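**Q** Predicted coordinates and the sequence they were generated for:
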Amino acid sequence: MISDIQRLLNGYLQWLNESIIMRQIDEWVEITTPFLDRHNDYLQIYVRKDNGGYVLTDDGYILEDLKMSGCKIDTEKRQALLSTTLKGFGVQNDRGILTIKTTEKSFPQKKHNILQAMLAVNDLFYLSEPIVASLFYEDVVAWLDETEIRYSPKVKFTGKSGYDHLFDFVIPKSRQEPERILQTINNPNRAQAEMLSFSWIDTKDVRAPDSKAYAILNDKERHIPEEVPTALENYGVLPLIWSKRENFAAELLA
């Protein structure tokens, strides 16, 4: 089993390295990654040298794109959620620009962190006010509390590769069920499924052998592409469709 997971992990890292494109723009290097945003455009980050280290940014893309799409992060609760999410990845919000500083040694981890943060913020706040009245993450929290499912929010694990991974919720082991790791995906797409699959593959070997991972997929006012649940299942992540959440309540409550 360990050899199978290592093969999957190595294959993912090879795909990631081979899919990256770099371009020099004055003092900055533009890095185009294989991860897609909600417009199916490749995510890009920018890197330059900074006082013996490096600074990485999204050049303001994520928050500006959400703003232009009518998503306002202007309430105290949403500002706090944004801050908590970014802090989990060690990323700063510099007047709307997501940034992170790094040394040469920690560059791979920090690059991974800012990409995770970009995907997480893009997904967390992806909504149109006329359609969705509240954040999906808030809906999940309310349901867990109402159902009396115990959990710890925003838990970070270090995977086998040495990368850190931030998960939305962890339900501790009980007599009936093993540890359960939950990740919300507000806008289910290939990029989110790929990132979560890698996080789980990388984390699985350092958790209890019987630990489970769930992806809570938002199907309110939207269709979930068939390849998303299939891709998650192929990597051992259980898709939990939001409209069918009651089917999983007893399993998560145990």
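**A** Great, that's in hand. Numbers count the residues shown, from 1 in each chain.
**Q** Neighbours of the residue nearest to residue 63 when sequence neighbours are not counted, how many?
**A** Taking Cβ to Cβ, 6 or more residues apart in numbering, and ignoring the residues beside it in sequence, residue 63 has residue 96 as its nearest neighbour in space, at 4.9 Å. From N, CA and C alone the C-beta is placed, and that goes for glycine too. Residue 96 sits with 13 neighbouring residues when counted by other Cβ atoms under 10 Å.
**Q** Could you do residue 77 as well?
**A** 11.
**Q** Can you tell me the SS state at it?
**A** For residue 77, the secondary structure call by DSSP: H, G, I helix; E, B strand; the rest coil comes out as helix.
**Q** What of residue 48?
**A** Look at residue 48: counting by three-state DSSP, its state is strand.
**Q** Would you agree it is in contact with residue 54?
**A** Yes. With contact defined as Cβ atoms under 8 Å, residue 48 counts as touching residue 54 (6.9 Å).
**Q** all helices in the stretch 51-200 of the chain, in order from the N-terminus.
**A** In the stretch 51-200 of the chain, the segments counted as helices under DSSP state H, counting those that start in this stretch are 61-68, 76-89, 107-124, 136-146, 190-204.
**Q** And the last one, what's buried?
**A** For helix 190-204, the buried set under the neighbour-count rule, 16 or more other Cβ atoms under 10 Å, comprises 191-204.
**Q** which other residues reach it?
**A** Judged by Cβ atoms under 8 Å, 6 or more residues apart in numbering, the contacts made with helix 190-204 from elsewhere in the structure are 5, 8-9, 12, 35-37, 43, 115-116, 119, 123, 157, 159-161, 163, 165, 167, 181, 183, 185, 211, 213, 215, 225, 227-228, 231-232, 234-237.
**Q** Could you identify the buried members of those residues?
**A** A residue is treated as buried here by neighbour count (16+ other Cβ under 10 Å); on that basis the buried members of these are 5, 8-9, 12, 35-37, 43, 115-116, 119, 123, 157, 159, 161, 163, 165, 167, 181, 183, 185, 211, 213, 215, 228, 231-232, 235, 237.
**Q** Restricted to strands, list these.
**A** Secondary-structure check on the buried ones among the contacts of helix 190-204 using DSSP state E: residues within strands are 35-36, 43, 157, 165, 167, 181, 183, 185, 213, 215, 237.
**Q** Now flag whichever of those is closest to residue 146.
**A** Of all those, residue 146 sits closest to residue 183, with 19.8 Å by Cβ to Cβ.
**Q** mind giving me the domain split of this protein?
**A** Listed by automatic domain parsing, the domain ranges of the chain are 2-124, 136-253.
**Q** pLDDT and distance to residue 81 added to the buried residues of helix 190-204, as TSV?
**A** Listed next are those as TSV, based on pLDDT from 0 to 100; distance: Cβ to Cβ, whole Å:
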residue	pLDDT	distance to residue 81
191	80	21
192	84	18
193	88	22
194	85	24
195	85	19
196	91	19
197	89	24
198	86	24
199	90	20
200	92	23
201	89	27
202	88	25
203	90	23
204	88	27
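**Q** thinking again about what came up before, out of residue 48 and residue 54, which sits in the more crowded spot?
**A** residue 54 (19 against 13).
**Q** what's the spacing between the more buried one and residue 219?
**A** The spacing between residue 54 and residue 219, counted by Cβ to Cβ, to the nearest Å, is 40 Å.
**Q** same deal with residue 101?
**A** 38 Å.
**Q** And those two? Which one has more around it.
**A** More neighbours sit around residue 101 than around the other of residue 101 and residue 219, counting by other Cβ under 10 Å; the figures are 16 against 12.
**Q** Surely the more buried one and residue 49 touch.
**A** No. Judged on Cβ under 8 Å, residue 101 makes no contact with residue 49 at a distance of 11.1 Å.
**Q** per-residue confidence at residue 128?
**A** As summarised for this prediction, residue 128 has a pLDDT of 47.
**Q** shift numbering so it begins at 475
**A** Sure, I'll start numbering at 475, so the last one becomes residue 602.
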